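Trainee: Sequence plus the predicted model coming up.
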Amino acid sequence: LLPSAQFPDCIGVVADPITNKVITLYRDKSLYIWDITNIQRIGKFRSYLFHSACVCAIEVYPQQQNGGSNALPKGTFITGSSDNTIKIWNLTTLDPDEKIKRNIYSKELLSQIYTDDDFSWLRAKKTNAVSDNASGITALAISPHGDVVASGDKSGNLRVH
């Protein structure tokens, strides 16, 4: 692991002895299901990496016509959230010739962009109240060729990714 890596707090764990699975919930609203059939070789069975705040923007990735090449696979869409992340999703079946590597933790998630260096939201606060940040992604746009994504946030900042 990287020494500067930040990880969310685990906020819930439940074990299912019938299926030999452990389910964990994290502060960033991700959910992991672990296979503990072989306790010497615990492995991730499934995982889901959701946004941790309100999704305020969504765009469908444009597909090139007339044989143009696409940077992302057909069926891709992009979401922006108050959690200061942009996530690139694709729900289609994996293609063996696909050039894009899928996220090992969530097969539907192709990539994510963090627009803020403050990761304190990954850690539990002194209260259990959940509120949206004063900042956060509120708008997205994708260039017609799909090579540029622009985002706007609640503070009025425009970013080009």
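Mentor: Alright, I've got the coordinates.

Trainee: Where does the prediction get shaky in the chain?
Mentor: 1-2, 66-68, 93-98, 120-135 (pLDDT under 70).

Trainee: repeat that for 50
Mentor: The chain contains residues with pLDDT under 50 at 127-132.

Trainee: Do you have the strands of it handy? List them.
Mentor: Using DSSP state E, the strands of the chain run over 10-16, 21-26, 30-35, 43-49, 55-60, 76-81, 85-90, 109-114, 137-142, 149-153, 158-160.

Trainee: mind checking which of those is nearest residue 102?
Mentor: Shortest distance between residue 102 and those, using Cβ to Cβ, is found for strand 109-114: 6.3 Å. From N, CA and C alone the C-beta is placed, and that goes for glycine too.

Trainee: thinking again about what came up before, rebuild the strands of the chain as JSON lines, extending it with mean neighbour count.
Mentor: Listed next are these as JSON lines, based on neighbours: other Cβ atoms under 10 Å:
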{"stretch": "strand 10-16", "mean neighbour count": "11"}
{"stretch": "strand 21-26", "mean neighbour count": "16"}
{"stretch": "strand 30-35", "mean neighbour count": "16"}
{"stretch": "strand 43-49", "mean neighbour count": "15"}
{"stretch": "strand 55-60", "mean neighbour count": "15"}
{"stretch": "strand 76-81", "mean neighbour count": "22"}
{"stretch": "strand 85-90", "mean neighbour count": "22"}
{"stretch": "strand 109-114", "mean neighbour count": "16"}
{"stretch": "strand 137-142", "mean neighbour count": "19"}
{"stretch": "strand 149-153", "mean neighbour count": "19"}
{"stretch": "strand 158-160", "mean neighbour count": "11"}
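
Trainee: Turn those strands into TSV, including distance to residue 101.
Mentor: Formatted as TSV, the strands of the chain follow (distance: least, Cβ to Cβ, whole Å):
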stretch	distance to residue 101
strand 10-16	26
strand 21-26	23
strand 30-35	19
strand 43-49	15
strand 55-60	21
strand 76-81	14
strand 85-90	12
strand 109-114	8
strand 137-142	20
strand 149-153	18
strand 158-160	23
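
Trainee: Work out the gap between stretch 105-115 and the centre of the chain.
Mentor: 4 Å (Cα atoms, centre = their mean, to the nearest Å).

Trainee: Understood, closing this out.
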